[in-house]
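Colleague: give the three-dimensional model of this entry:
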Amino acid sequence: MRSRRTSPGKSRVVGGVVKGVVGGVEVHGLSHDGRGLAKQHGKTIFISGALPQEKVSIRVTEDKRRFTSAEVVSVEQPSTDRVEPPCPHFKQCGGCSLQYWSHEGQLQGKQSIVLDQLRRFSSLTPATLSDPLVSTPYGYRHRCRLSMIWRNNQLQFGFRQQQSKQIIDIRECPVLVEPLQPLLPLIKSLLQTLDKKTAVSHVELIQADSGRAVLFRHIKPLSAEDQGKLATFAKDQQLPFYLQPQPDHISCLYSPSDDPWLYNTLPEFDLKLQFRPVDFTQVNWQINRQMILQAVDWLELKASDKVLDLFCGLGNFTLAMARKAGHVVGVEGSTASVERAAFNASLNAIENTAFYQADLAALIEGSKKGNDWLLNQYDALVLDPPRAGAKEIIEQMADRIPDKVLYISCNPATLARDAGVLAEQGYKLQRLGVMDMFPQTGHVESMALFIKG
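Modeller: From the prediction side, this is the model:
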């Protein structure tokens, strides 16, 4: 798809800062967050909405001493990877900002981002570059959070606008899995019937293997009449309906079954995983299954192996690895997640696991009761940290890290930093592959295998 060329407006330079619209800017690469890179007046420009090998007109949005941020006004010479975004809300909604980029282009671009970060910040290149784990480009998202606001007695219900707190009224969302799509207009209509219209602050939609579910977070008490309306809706739709009056409190208003909680399955490992709607689960369950299979494959686990799984969450990797290894220890900062992981081990009759709570970004005293896991010896280490990475625990465990380390990353920058720390400790980057967890967005997920020696 070729974009229509428009004439750029006038621009001027004031104190070294470009004002107005600038035309003829050539994009030569990608930043770590998927923005186009260019040079102008000796400074790097980060351009939202631009692709490599394009010539664009831009508008500066922020100018700093070392870099400039800008947005595309028009595309003068488009990349062959540029496509027409299918979502009618694309230009307003802040969710899926890369829909102008072909799916294949996104995969190649995200792989390049990870490789570039590793080369620049840790001087590492993988011995083997694996093919990406590929998702369906749309209809992949199994859960979402929708915001709402009442203006002049009119309900705006949807997602945040780009770089704004304004809410875009959503009619459809192409990245949601198909069973959740019909709930968008139904939930909006339901909200409009409530007596206390401003009581609900946000809504979460969830598609589990056990079926659909809805959660209402409300900041004011709901009347008995309003709760009755919600329960009737849930019964008509035959889906679990949850209320969350406070962050640490959740109740099930209605469930079509005796079990009020949700379940996902990992049939490849004969696992059934229970979770609450407030628990963290991957939004792309298709890629999650591929990711776990790849992790177990890369680790080449044996029945005698002892594995340490840090940032284990609900046991997403822990329980699958327990089917192959001799013993697996999971550690997580959230006490609720640790309890849920232990419950799921019991649910699946898994006896070769142990779970512990610990703040993995803080100094951990292995001599204290409950931290003995830190002093044990393991055959493999799995790291699945948040965006901040795992530098603190890697440095703290420097003399006890096993020869095999699998790192699942949601941030190329902290992966590169932590890879450098591992390299200093004698580890080589044996294998690397990106994972298509969030198509149409700038999020970059990858998996890396480090081997000592």
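Colleague: and the next helix or strand past the helix or strand encompassing residue 420?
Modeller: Residue 420 is located in helix 412-424, with elements delineated by DSSP states H and E. Following helix 412-424 in sequence order, the next helix or strand is strand 427-435 (DSSP H and E).
Colleague: what are the buried residues along that following strand?
Modeller: For strand 427-435, burial by neighbour count (16 or more other C-beta atoms under 10 Å) applies to 427, 429, 430, 431, 432, 433, 434, 435. Backbone N, C-alpha and C define where each C-beta goes, glycine included.
Colleague: if we can go back for a sec, output the contacting helices and strands for the helix holding residue 420.
Modeller: Counting contacts by 3 or more C-beta pairs under 8 Å, 6 or more residues apart in numbering; DSSP states H and E, helix 412-424 is packed against helix 103-122, helix 391-396, strand 404-409, strand 445-452.
Colleague: what packs against the longest one?
Modeller: Using 3+ C-beta pairs under 8 Å, 6+ apart as the contact definition, the elements that helix 103-122 packs against are strand 29-30, helix 412-424, strand 427-435.
Colleague: got a markdown table for these, with mean pLDDT and distance to residue 113 too?
Modeller: Below are the helices and strands packed on helix 103-122 laid out as a markdown table (pLDDT from 0 to 100; distance: least, C-beta to C-beta, whole Å):
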| stretch | mean pLDDT | distance to residue 113 |
| --- | --- | --- |
| strand 29-30 | 90 | 6 |
| helix 412-424 | 97 | 5 |
| strand 427-435 | 98 | 8 |
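Colleague: could you provide those in CSV, with additional columns for distance to residue 327?
Modeller: Listed next are those as CSV, based on distance: least, C-beta to C-beta, whole Å:
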stretch, distance to residue 327
strand 29-30, 42
helix 412-424, 24
strand 427-435, 23
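Colleague: what's the closest of the ones you listed to residue 293?
Modeller: Closest of those to residue 293 is strand 427-435, at 11.6 Å (criterion: C-beta to C-beta).
Colleague: which residues does the closest one contact?
Modeller: The contact list for strand 427-435 (C-beta atoms under 8 Å, 6 or more residues apart in numbering) reads 107, 110-111, 114-115, 118, 124-133, 287, 290-291, 294, 298, 405, 419, 423, 444-453.
Colleague: for the helices and strands packed on helix 412-424, which one ends up most surrounded?
Modeller: strand 404-409 (a mean of 24; mean count of other C-beta atoms under 10 Å).
Colleague: at which residues are the helices of the stretch 251-400 of the chain located?
Modeller: Counting by DSSP state H, counting those that start in this stretch, the stretch 251-400 of the chain has helices at residues 285-299, 318-322, 335-347, 391-396.
Colleague: which of these sits closest to residue 231?
Modeller: So among the helices of the stretch 251-400 of the chain, helix 335-347 is nearest, using C-beta to C-beta, at 25.7 Å.
Colleague: which residues touch that closest one?
Modeller: Helix 335-347 has contacts (C-beta under 8 Å, 6+ apart) with 271-276, 279-280, 312-315, 318-319, 322, 330, 332, 351, 353, 355-357.
Colleague: one step back: compare the helices of the stretch 251-400 of the chain and give me the one nearest residue 95.
Modeller: Nearest to residue 95, of all the helices of the stretch 251-400 of the chain, is helix 285-299, at 17.5 Å by C-beta to C-beta.
Colleague: for the protein, give me the ranges with low pLDDT.
Modeller: Flagging of the chain using pLDDT under 70 yields the residue ranges 1-19, 163, 367.
Colleague: what's the domain layout of it?
Modeller: Following automatic domain parsing, the chain resolves into domains at 11-82, 107-136+283-452, 143-262.
Colleague: which of these has the highest mean neighbour count?
Modeller: When you average the neighbours per residue for each of the domains of the chain (mean count of other C-beta under 10 Å), domain 107-136+283-452 leads with a mean of 19.
Colleague: ends of that one, what's the gap?
Modeller: Start and end residues of domain 107-136+283-452 are separated by 29 Å (C-alpha to C-alpha, to the nearest Å).
Colleague: skip the chain neighbours and tell me the closest residue to residue 235.
Modeller: residue 254 (6.0 Å; C-beta to C-beta, 6 or more residues apart in numbering).
Colleague: distance of that neighbour relative to residue 182?
Modeller: Here the criterion is C-beta to C-beta, to the nearest Å. By it, residue 254 lies 18 Å from residue 182.
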